[in-house]
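J.: Requesting a structural model of the entry that follows:
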Amino acid sequence: MRNLTTPSADRCADPSGPALGEAAGVFGLLASPARLHIVWALSHGESDVTGLAERVGGALPAVSQHLAKLKLGGLVRSRREGRRVVYLVDDPDVAEMVGWLIARLDTRPDAGETPGLVRDLGA
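T.: Residues are numbered from 1 along each chain as shown. Coordinates of the predicted model:
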């Protein structure tokens, strides 16, 4: 896994407006626990909607809607295999970030015990 820090040459430079806008859009798409779980699952291998619904514990229509939003946002893509549609991550950087964040939060000593500050704020 790459180091998720910023490049050293631009450490003090503020990000551009377009970069902040794009990042906000990505974080907005990932603000749903179900979509976050879908991206995490797809970062570990491609799947069809039925497999994803079973894995993330969602209803088929809901998972399909989440996939449609993620596709529109450019985070996942699909391809047809006969009658089956298979989904895969289309932005490996986002998949890496999601994997890093979830692994980091999951290994905290208090993981799952108390709500985090962000959840307390209603984010």
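J.: how close does the nearest residue in space to residue 64 that is not next to it in sequence sit to residue 35?
T.: Leaving aside its sequence neighbours, residue 64 sits nearest to residue 49 (CB to CB, 6 or more residues apart in numbering; 5.5 Å). Backbone N, C-alpha and C define where each C-beta goes, glycine included. Using CB to CB, to the nearest Å, residue 49 is found at 14 Å from residue 35.
J.: cool, residue 100 as well?
T.: With CB to CB as the criterion, residue 100 and residue 35 are 17 Å apart.
J.: Those two: which is more packed in?
T.: For the pair residue 100 and residue 35, the greater number of neighbours falls to residue 35 (23 against 14), based on other CB atoms under 10 Å.
J.: so what does the longest helix seen in the chain touch, helix or strand wise?
T.: Determined from DSSP state H, the single longest helix within the chain is helix 92-106. Where contact means 3 or more CB pairs under 8 Å, 6 or more residues apart in numbering; DSSP states H and E, helix 92-106 is packed against helix 33-43.
J.: So what are the sheet partners of the very next helix or strand once past the helix it packs on and their directions?
T.: Going down the chain from helix 33-43, the next helix or strand is strand 47-48, by DSSP states H and E. Strand 47-48 pairs in its sheet with strand 84-89 (antiparallel), by DSSP bridges.
J.: Any regions of this structure where pLDDT drops low?
T.: 1-10, 111-123 (pLDDT under 70).
J.: Now the longest helix of the chain - C-alpha only, PDB.
T.: This file holds the C-alpha atoms of helix 92-106, laid out as PDB (Å, rounded to 0.1, in the frame of the first residue of the first chain):
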ATOM      1  CA  PRO A  92      -8.200   2.400  -7.100                       C
ATOM      2  CA  ASP A  93      -7.000   5.500  -5.100                       C
ATOM      3  CA  VAL A  94     -10.400   5.800  -3.500                       C
ATOM      4  CA  ALA A  95     -10.500   2.000  -2.800                       C
ATOM      5  CA  GLU A  96      -7.100   2.300  -1.200                       C
ATOM      6  CA  MET A  97      -8.200   5.200   0.900                       C
ATOM      7  CA  VAL A  98     -11.400   3.400   2.000                       C
ATOM      8  CA  GLY A  99      -9.300   0.300   2.900                       C
ATOM      9  CA  TRP A 100      -6.800   2.300   4.800                       C
ATOM     10  CA  LEU A 101      -9.400   4.200   6.800                       C
ATOM     11  CA  ILE A 102     -11.500   1.200   7.700                       C
ATOM     12  CA  ALA A 103      -8.400  -0.800   8.700                       C
ATOM     13  CA  ARG A 104      -7.200   2.100  10.800                       C
ATOM     14  CA  LEU A 105     -10.600   2.600  12.600                       C
ATOM     15  CA  ASP A 106     -11.100  -1.200  13.000                       C
END
